[in-house]
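>>> could you work out the structure for the sequence below:
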Amino acid sequence: MSTKQRLLALFVLDIVIVWFSIGTSYLFKYNGALPQAIQMEFMLYSAVSMIVCGSAMVYFRLYHRMWQYASIGEIIAILKAVSVGWVFSYLIASALLGSFLSLGIAVRTLETMLLLSGGIRFFWRMVRGYAIRRGEPVSQSKSPVLIIGAGDCGALIAKELQNPAFVEWNLIGFVDDDPLKQRMQVYGLPVLGDREAIPAIVKQYGIREIVIAMPSAPKKAISELINRSLATGAKVKMIPALNDLITGRVSVKAIREVSVEDLLGRDPVVTDLEGIAGYVQNKTVLVTGAGGSIGSELCRQIGSFHPDRLLLLGHGENSIYTIEMELRTKFPWLDLETVIADIQDRDRMEDVFDSFRPQVVFHAAAHKHVPLMERNPAEAVKNNVFGTRNVADCADKYGAERFVMISSDKAVNPTSIMGATKRIAEMYVQSLDVCSQTKFVAVRFGNVLGSRGSVIPRFKQQIVKGGPVTVTHPEMVRYFMTIPEAVQLVIQAGSFARGGEIFVLDMGKPVQILKLAEDLIRLSGFEPYVDIPIEFSGMREGEKLFEELLTSEEAISSTTHERIYIGKPTNINRAELELEYKRLEKVISEPAEQVRNVINTIVPLYEEPIERAIAEAAPTIQREMEAVVS
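Here you go, the predicted structure:
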């Protein structure tokens, strides 16, 4: 049967219901025998009601609704259509007859029409749902689901999941910490307990999937729930934060997989949009390393502040082309310039600055891979030390207003060539600030999730291959941020620049790499050490068990932003630093050990035995882990 035929059949059925309702009302009134004097009244009332009530049902679009999903909205529509049709039918029929119809007959007619019009539609919903369930495979294929959060969001999700369309999910009930909701029901489903009961509920009901439906809860609370749920072995999904949803509309479609970022439990960054716009808007902005993880995100976020021109500078043409195409799609009004250049090439840097005269410079270009730089120290010096000097000197020479260098926590008490070269670059930038009109600052932070060369992509590749997942050391901890979070704070820190500061970002609590690997395995639907083995490969050259964000000589002071601090180092003798640079230039073509020795005289490398490092790190790790648990 076609759609038009089905709608016509339903319309005819409604007309029959109207006639039947009036007929039975008259028969009840006159004890089953309709008097001759009343027959004309009955026929007139029936004809008027069928026309008027039928028109009202069409007007209120009762025939444009999918009744297998009927709910409160459909009940209200039926009430409106039948009530409006009934009122007008009664008034028109009374006017045509010249006197009011019996109110008893009219009221009974209304009751019967409401009962039958609504009852038939909801009966169809029940029959439809039963037919679909009859056609399901045995319930073994259904996934028992538990919803955490019996509030408005959880209730809406439960309502959708009980529709016949979601036959693959078998909704068991809710978990909620509110004592007033315990042992209550939501849409016929019980609130089985609080968060402490999650492991027992999962075991008792064989829960395979857990949906966290608490979009307004703090990130830290969500992180705790995710960890508790993952420990049960169930697959965990969640509703995103409220600001990611259309106001007032929550849908099963909004349910997404839990990501590693959710495990960090970090609240969104609050930025001073006016302060940022004040130094970026309508300015020519240069981003070096624009094709990298941090550089490309800098470009995305800076583009939203309407700079006069955005310069994308990078050495790799493919990565620069990729971010250029993305930005041209996202910000079609933005004036973009792509510059393929190597920051080690001083003449090329001079040409770029002379041609475009950038007013704000974000220097993100750097070699960052610790073990690779250990084996290639000269390249680390060329790029991180001399490359930074080239860009910084040009910013000074061509009158840039601000220069923001992206640094690393590995620059603090460095044990690696990469960390040492970043520290030398920090020192040069700070020394240049003393004698320049440009405001030179550095922003120091730890690892970012998902960046090229980070542990997350490597772990994911190993999990896809079936393992093993390799962790360097069971006690290794690192600070982590998401890339958008780090970049937001970098741009915000630039607005605080007065010149010479090293801004330190609040990285939150350190994360144990072993636990990160275990969580990622669980998020992928496997059990650590059972489905995917974890092996310890040993610490690589230049690595530390834990990273610091400040040296012992640096004091720290706060800014107006709660997650940005200022570390102020001791004074740097620029003349001595220039001499050390000349020494580096002389040995840059010499064997790696000579390059390392010169680096070590500028920034002493910490090369303590691993046993001592572990012993010293253990109390700190223990304190941090206890703080995380508490």
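>>> from residue 425, how far off is residue 590?
Counting by C-beta to C-beta, to the nearest Å, the separation of residue 590 from residue 425 is 21 Å. No exception for glycine: its C-beta is placed from N, CA and C like everyone else's.
>>> please apply the same query to residue 194.
Counting by C-beta to C-beta, the gap between residue 194 and residue 425 amounts to 52 Å.
>>> what about these two, which has more around it?
Ranked by neighbour count (other C-beta atoms under 10 Å), residue 194 and residue 425 place residue 425 first, with 27 against 15.
>>> which residue is the nearest non-sequential neighbour of the more buried one?
Leaving aside its chain neighbours, residue 425 sits nearest to residue 388 (4.0 Å; criterion: C-beta to C-beta, 6 or more residues apart in numbering).
>>> so what's the nearest residue to residue 114 once chain neighbours are set aside up against?
Spatial nearest neighbour of residue 114, excluding adjacent residues (C-beta to C-beta, 6+ apart): residue 82 at 5.4 Å. Counting by C-beta atoms under 8 Å, 6 or more residues apart in numbering, residue 82 makes contact with 53, 56-57, 110, 113-114, 117.
>>> can you check those and name whichever has the most neighbours?
Within the contacts of residue 82, most neighbours by other C-beta under 10 Å means residue 53, with 28 neighbours.
>>> phi, psi of it?
Backbone torsions of residue 53, given as degrees, to the nearest 10, read phi -70, psi -40.
>>> what about it, distance to residue 77?
Computed as C-beta to C-beta, the residue 53 to residue 77 distance reads 14 Å.
>>> cool, and residue 143?
Distance of residue 143 to residue 77, computed by C-beta to C-beta: 33 Å.
>>> now swap in residue 280 and tell me
Residue 280 sits 52 Å away from residue 77, going by C-beta to C-beta.
>>> try residue 524
From residue 524 across to residue 77, the span is 45 Å (C-beta to C-beta).
>>> so for these two, which residue has more residues nearby?
More crowded of residue 524 and residue 77, by other C-beta under 10 Å: residue 77, with 19 against 15.
>>> wait, doesn't residue 384 sit right on residue 419?
No: between residue 384 and residue 419 there is no contact under C-beta atoms under 8 Å: 9.8 Å.
>>> quick one, what contacts the residue nearest to residue 425?
With C-beta under 8 Å, 6+ apart, residue 388 has these contacts: 343, 363, 366, 405, 425, 428-429.
>>> as a markdown table, those with secondary structure and distance to residue 575 would be great.
Converted to a markdown table, those look like this (DSSP: H, G, I helix; E, B strand; the rest coil; distance: C-beta to C-beta, whole Å):
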| residue | secondary structure | distance to residue 575 |
| --- | --- | --- |
| 343 | coil | 24 |
| 363 | strand | 24 |
| 366 | coil | 26 |
| 405 | strand | 21 |
| 425 | helix | 18 |
| 428 | helix | 13 |
| 429 | helix | 16 |
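>>> between the residues you listed, which is nearest residue 463?
Of all these, residue 463 sits closest to residue 366, with 28.9 Å by C-beta to C-beta.
>>> list phi and psi for the closest one.
Per-residue torsions, residue 366: phi -170, psi 160 (degrees, to the nearest 10).
>>> how far away is it from residue 584?
Distance of residue 366 to residue 584, given as C-beta to C-beta: 16 Å.
>>> more neighbours, these two?
residue 366 (25 against 21).
>>> correct me, but that one touches residue 426?
No: here residue 366 does not reach residue 426: they are 11.5 Å apart, not a contact under C-beta under 8 Å.
>>> which SSE is residue 27 in?
For residue 27, the host element (DSSP states H and E) is helix 3-29.
>>> so how far is that helix from its chain's centroid?
Counting by C-alpha atoms, centre = their mean, to the nearest Å, helix 3-29 is centred 52 Å from the centre of its parent chain.
>>> again with stretch 17-32
Mean-position distance between stretch 17-32 and its chain equals 61 Å (C-alpha atoms, centre = their mean).
>>> let's number from 23 now, not from 1
Sure thing, new numbering starts at 23, so read that last one as stretch 39-54.
>>> buried ones in that stretch?
Residues of stretch 39-54 classed as buried: 39-40, 43-44, 47-48 (neighbour count, 16 or more other C-beta atoms under 10 Å).
>>> same check on stretch 387-404?
Buried residues in stretch 387-404, counted by 16+ other C-beta under 10 Å: 387-390, 392, 394-396, 398-404.
>>> pull up the distance across that stretch, start to finish.
12 Å (C-alpha to C-alpha, to the nearest Å).
>>> one more: stretch 82-97?
In stretch 82-97, first residue to last residue: 12 Å (C-alpha to C-alpha).
>>> hey, where'd the strands end up in the stretch 23-172 of the chain?
Secondary structure of the stretch 23-172 of the chain (DSSP state E, counting those that start in this stretch): strands at 165-170.
>>> low-confidence stretches in it?
Scanning the stretch 23-172 of the chain for pLDDT under 70 picks out the ranges 23-25, 86-96, 146-163.
>>> tell me the SS of residue 462?
Recorded secondary structure, residue 462: strand (DSSP: H, G, I helix; E, B strand; the rest coil).
>>> ok, it touching residue 454?
Yes: taking contacts as C-beta under 8 Å, residue 462 lies within contact range of residue 454: 5.5 Å.
>>> by mean pLDDT, flag the weakest helix or strand of the protein.
The least trusted helix or strand in the chain, going by mean pLDDT, DSSP states H and E, turns out to be helix 632-651, with a mean of 43.
>>> show the secondary-structure elements that the strand or helix carrying residue 401 is packed against.
Assigned by DSSP H and E, residue 401 belongs to helix 399-402. Applying 3 or more C-beta pairs under 8 Å, 6 or more residues apart in numbering; DSSP states H and E, we find helix 399-402 packed against helix 439-456, helix 614-624.
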